[in-house]
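> Quick one, fold the following:
(one chain, ligands or ions: 1)
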Amino acid sequence: MHKETVGIMLDKNKNRMEIRSPKTKEEWKKYYDIRYRILRKPYGAPKGEEKKPEDAIADHRAIFLGGNMIGIGMIYDDKGNARIRFIAIDEKYQKRGFGKIMMEELEKSAKEKGYRKIVLWGDEPAVKFYEKLGYKNTGKGPMIFGKIQQYNMGKKI
Ligand SMILES: CC(C)(COP(=O)(O)OP(=O)(O)OC[C@H]1O[C@@H](n2cnc3c(N)ncnc32)[C@H](O)[C@@H]1OP(=O)(O)O)[C@@H](O)C(=O)NCCC(=O)NCCS
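Numbering: from 1, shown residues only. Just a heads-up that it's a prediction; the model follows:
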């Protein structure tokens, strides 16, 4: 685990970290709010674009720090592979190891379910982050909202 994250966890008890699915109506609202604010609004996408049919079949995770949701992500079956999607860490908490923690949690969930490969569409600014975690860039994927190039990425687990 990232050193600084361990520091946060040990220094201040109220900042204890927890990773789990959102549960209450309020937590689900916060989950989709983060998705919209970080992954849709900056691309000029209209409200509503943060929800997808795959949400119904996905395994969702949120990182709570001191009870406050600061990161989100989901994983679901896509033609026999596990697809990770909608990873976002609140701006104030980026580059502190939480994205890596989220990815490791989703990878654990995929392994437990017996998947052998994880795939994802990496947004151009996040490609290096995924490469650091062992994902291979296999070429251009969809272009979203005419603004952001995505890349097909994958990792055997
Ligand atoms: C991309 C994102 C999820 C990464 O999460 P994070 O908490 O900031 O990343 P971490 O601190 O866990 O970084 C893990 C490693 O990747 C590196 N890294 C993270 N973002 C990076 C970037 N944009 N470019 C290069 N390296 C990066 C870190 O330096 C770190 O390296 P280290 O282990 O050698 O220290 C987060 O920045 C984010 O939410 N960005 C905006 C939304 C987004 O682009 N989501 C992905 C959509 S596909």
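> What strand or helix carries the residue in the chain that the ligand sits nearest to?
In the chain, the residue that lies nearest the ligand is residue 99 (2.1 Å; C-beta to the nearest ligand atom). Where you see a C-beta, it was placed from the backbone N, CA and C, and this is true even at glycine. For residue 99, the enclosing helix or strand under DSSP states H and E is helix 98-112.
> Any buried residues in that helix, and which?
98, 99, 100, 101, 102, 103, 105, 106, 107, 109, 110 (16 or more other C-beta atoms under 10 Å).
> near the ligand, which residues of the protein?
When proximity is defined as C-beta under 6 Å from any ligand atom, the chain approaches the ligand at 38-39, 87-89, 94-100, 122-123, 125-126, 128-129, 132.
> Tell me the confidence at the nearest residue to residue 92 once chain neighbours are set aside?
Excluding its sequence neighbours, the residue lying closest to residue 92 (C-beta to C-beta, 6 or more residues apart in numbering) is residue 70, at 7.7 Å. Predicted confidence (pLDDT) for residue 70: 96.
> What count of nearby residues applies to residue 70?
22 (other C-beta atoms under 10 Å).
> All the strands of this protein, in order from the start?
With DSSP state E as the criterion, the chain has strands at 17-20, 59-65, 68-78, 81-89, 117-123, 136-144, 148-156.
> any chance of these in JSON lines, plus distance to residue 29?
Listed next are these as JSON lines, based on distance: least, C-beta to C-beta, whole Å:
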{"stretch": "strand 17-20", "distance to residue 29": "16"}
{"stretch": "strand 59-65", "distance to residue 29": "12"}
{"stretch": "strand 68-78", "distance to residue 29": "10"}
{"stretch": "strand 81-89", "distance to residue 29": "15"}
{"stretch": "strand 117-123", "distance to residue 29": "24"}
{"stretch": "strand 136-144", "distance to residue 29": "23"}
{"stretch": "strand 148-156", "distance to residue 29": "25"}
